[in-house]
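Student: What would the 3D arrangement of this be:
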Amino acid sequence: AVIDQNREALFEKYRRMVPFDASESLHQLLIGKSDNSRNVFNTWEVCLFDQERLIAAGYFDLGKRSAEGICSFYHPDYKSFSLGKYIIY
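Tutor: The predicted model follows:
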């Protein structure tokens with residue numbers, strides 16, 4: 001899984017759009033509030049692009065026998081496409 005400026009920017013756009021309280025940043029959501037950049041879980045990501053533009057991302061932890069979805073988010077311009085649900089599937 002990657003946390004970079006593009007993903008943080010997309011998460012911020014999503015965070016401003018949703019009617020609930022979301023983490024302050026993608027890093028905080030996945031890693032925590034510390035400056036530590038080490039993730040103790042086996043976290044993977046799925047990203048969707050429209051040409052070169054990142055429009056959605058989803059993160060999940062993969063275990064030996066199971067997986068757990070952590071979060072999914074999308075660009076507000078693509079809200080009508082249900083990309084959050086699409087990433088989960």
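
Student: report the longest helix in the protein, please.
Tutor: Longest helix in the chain by number of residues (criterion: DSSP state H): helix 5-17.

Student: Can you list the buried residues in it?
Tutor: For helix 5-17, a neighbour-count test (16 or more other CB atoms under 10 Å) marks Arg7, Leu10, Phe11, Tyr14, Arg15 as buried. C-beta coordinates here come from the backbone N, C-alpha and C atoms, glycine included.

Student: now do stretch 40-49
Tutor: Thr43, Glu45, Cys47, Leu48.

Student: tell me the SS of the residue nearest to the third one when sequence neighbours are not counted?
Tutor: The reference is to Cys47. Setting aside the residues directly before and after it, Cys47 is nearest to Ala57 in space (CB to CB, 6 or more residues apart in numbering), at 4.9 Å. Put simply, Ala57 is strand when judged by DSSP: H, G, I helix; E, B strand; the rest coil.
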